[in-house]
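1. sharing a sequence plus its predicted fold:
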Amino acid sequence: MNESIVRTLSGVVYIVLLIGATLLSPESFILLFGIFLLIAITEFCRLANLKKATPVIMGIAGLIIFAPYITTDMYSNLLLNAGALLINIALLFELFKKGPNAPRDTMGKLARLTGYVILPFILIIRLPFLIPSIYTPYIIIGSFILIWTNDTFAYIVGKTMGKTKLFERISPKKTVEGFLGGMVFTILGAYILTRFDIFITPVFNSFLTWIGAAIILVIFGTLGDLVESQLKRKAGVKDSGNIMPGHGGILDRLDSIIFAIPFLFLYYQILTYVS
């Protein structure tokens, strides 16, 4: 089958599965992202050469994700958020520092696995439950729509108008023009979302709040894509996995959102507790 057709069909299945499970029920949403997490752990362990530790890590993460209830008190959320942000900042230092600086010791790799993969997935799962007794799936769906909008238009604008390299050492195809084009269309996408009542939630309740989300997702989503590209470059692989034909692995599909989510989660918490 033609590669572009395979890629398109795979992408459609992924989008339908993600939106369908998120809308169906809180349980199906948690189950889907719990499965995504376990796959992402396997892929990261392969990239970081932590294969022997994979079963234990998956077991611990599974117990956390598939717990019968989710504690969403402010202090536990802030603690999880701080841990993810700390590792993200460390990864950004590695991204902008030239030379081999990734940790070679097991503990350093496990710290990055925890902060870069496990904690962001937990934050994704907690995000629509931050308001007590209310499940707000359109926060998740809206965030993914904005990520997909940025990816699509950054590629189109970069392909047609891109001349200035954004970060050639890590990703030669990314351009400043593509980044700015993605930003403009993602902000436009945020405006379109607010034209639909289902995306007006108790916290993301205006164009301005969704613009903030769009800017966070574009900036840190782009950085997340670069961070994962660097991880794959150091591991000497093209894709993190092959579970999605034509797209690669779960980390390849979710690299933008898992890196951006700690920043989006903090933004959402601030809006929640000041409103």
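-> Looks like it arrived, so ask away.

2. for the chain, where's the lowest mean pLDDT among helices and strands?
-> helix 54-65 (a mean of 65; mean pLDDT, DSSP states H and E).

3. let's verify the closest residue to residue 74 other than its chain neighbours: helix, strand, or coil?
-> Take residue 74 and drop its neighbours on the chain: the residue closest to it by Cβ to Cβ, 6 or more residues apart in numbering is residue 273, 6.9 Å away. Where you see a C-beta, it was placed from the backbone N, CA and C, and this is true even at glycine. Of the three states, residue 273 takes helix under DSSP: H, G, I helix; E, B strand; the rest coil.

4. tell me how far residue 273 lies from residue 208.
-> 18 Å (Cβ to Cβ, to the nearest Å).

5. the stretch 101-250 of the chain: strands as residue ranges?
-> 165-167, 171-175 (DSSP state E, counting those that start in this stretch).

6. show me what the longest one packs onto, helices and strands only.
-> Using 3 or more Cβ pairs under 8 Å, 6 or more residues apart in numbering; DSSP states H and E, the elements in contact with strand 171-175 are helix 137-161, strand 165-167, helix 207-235.

7. dump those to JSON lines, plus mean neighbour count.
-> Below are these laid out as JSON lines (neighbours: other Cβ atoms under 10 Å):
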{"stretch": "helix 137-161", "mean neighbour count": "20"}
{"stretch": "strand 165-167", "mean neighbour count": "17"}
{"stretch": "helix 207-235", "mean neighbour count": "21"}
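
8. could you export the ones you listed as CSV, including mean pLDDT?
-> Listed next are the helices and strands packed on strand 171-175 as CSV, based on pLDDT from 0 to 100:
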stretch, mean pLDDT
helix 137-161, 94
strand 165-167, 89
helix 207-235, 92
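
9. quick one: closest of the strands of the stretch 101-250 of the chain to residue 125.
-> Closest to residue 125 of these, according to Cβ to Cβ: strand 171-175, at 28.8 Å.

10. angle of the closest one against helix 207-235?
-> If you take axes from the mean of the first three to the mean of the last three Cα atoms, to 10 degrees, strand 171-175 sits at 160 degrees to helix 207-235.
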